[in-house]
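Peer 1: What shape does this take:
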Amino acid sequence: MGSDDTYNFVFKVVLIGESGVGKSNLLTRFTKNEFNHDSRTTIGVEFSTRTVQLDNCTIKMQVWDTAGLERYRAITSAYYRGAVGALLVYDITKHVTYESAERWLKELYDHADPHMVVMLVGNKNDLEDMRTIPAEEAKAFAETNGLMFMETSALDSTNVEAAFIDVLTAIHRKVASRQVTRGSISAVTLSGPTHPASEAQQEGRGCCRS
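Peer 2: Residues are numbered from 1 along each chain as shown. Modelled structure (predicted):
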């Protein structure tokens, strides 16, 4: 873990998807390596951070969770503002959560940067015997829509680390390809400067310049 003054970039990543698919547990598994069997739906927005070393850069990842707002359709553009990555999560045992992926994707692109990195995540793959969505079907949907894809289990940790790190790596690659230097807000707004970034978000120190 790095302290606040030792990172090169801050990347905001949001978790979206229907209530009950395991977004909060993916968040706590990745940031704290914890799983809460009795996690209750809370109202509001929660986020946790984790600092990761990647290609000689120290990157602080802010992971935001809707924390129950999705069932009230009360998610506003403020939740998406500044996000450069998203994990669109569904439950592999509940087809209705997968069917809503298209709607979530539309909402995401209506409010967020169209160049952001998005991964479709089929969670709860520890419940293989209850599966209703074939991995091949979800993968095909992801490819059609230009999304990354992975199946995870927040319960037993399967692919949780890999999902977040793959998204982070893809974001970093996009930022690096634009020759980001200190003070550039491309680190948080991949399509260019549409609004001012905070000081923390401007912490690009040129670590990924060739």
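
Peer 1: which one is H172 nearest to, not counting chain neighbours?
Peer 2: In this structure, H172 finds its nearest non-sequential neighbour in L54, 5.6 Å apart by CB to CB, 6 or more residues apart in numbering. C-betas here are computed from N, CA, C, even on glycine.

Peer 1: ok, now how distant is the one you found from K174?
Peer 2: Applying CB to CB, to the nearest Å, the value for L54 to K174 is 13 Å.

Peer 1: Centre-most residue in this structure?
Peer 2: Centroid-nearest residue in the chain: A86, 3.4 Å away (criterion: CA atoms, centre = their mean).

Peer 1: which residues does that one contact?
Peer 2: Listed by CB atoms under 8 Å, 6 or more residues apart in numbering, the contact set of A86 reads 13-16, 108, 112, 116-119.

Peer 1: If we use 6 Å, what do you get?
Peer 2: A86 makes contact with 14, 16, 108, 118 under the criterion CB atoms under 6 Å, 6 or more residues apart in numbering.

Peer 1: since we're on the first one, how many residues are nearby?
Peer 2: Read it as V14. 28 (other CB atoms under 10 Å).

Peer 1: same for the helix or strand in which it is found, what does it pack against?
Peer 2: Element membership for V14 (DSSP states H and E) is strand 9-16. Contacts defined by 3 or more CB pairs under 6 Å, 6 or more residues apart in numbering; DSSP states H and E place strand 9-16 against strand 57-65, strand 83-91.

Peer 1: Quickly run through the sheet partners of it, with directions.
Peer 2: Using DSSP bridges, the strands paired with strand 9-16 in its sheet are strand 57-65 (parallel), strand 83-91 (parallel).

Peer 1: And the strands in the protein?
Peer 2: Using DSSP state E, the strands found in the chain span residues 9-16, 46-54, 57-65, 83-91, 117-123, 148-151.

Peer 1: who touches the first one?
Peer 2: If I follow you right, that is strand 9-16. Around strand 9-16, the neighbours that count as contacts under CB under 6 Å, 6+ apart are 23, 59-65, 82-88, 104, 171, 187, 200-201, 204.

Peer 1: Same question for the fifth one.
Peer 2: Contacts made with strand 117-123 from outside it, assessed by CB under 6 Å, 6+ apart, are listed as 21-22, 85-92, 138, 142, 147-152, 163, 167, 170-171.

Peer 1: Now it - C-alpha only, CSV.
Peer 2: Extracted C-alpha coordinates of strand 117-123, given in CSV (Å, rounded to 0.1, in the frame of the first residue of the first chain):
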residue,chain,number,x,y,z
VAL,A,117,-12.4,0.4,-20.3
VAL,A,118,-15.4,-1.9,-19.5
MET,A,119,-15.3,-5.5,-18.4
LEU,A,120,-18.4,-7.8,-18.3
VAL,A,121,-18.1,-9.9,-15.2
GLY,A,122,-20.0,-13.1,-14.5
ASN,A,123,-19.9,-13.4,-10.8
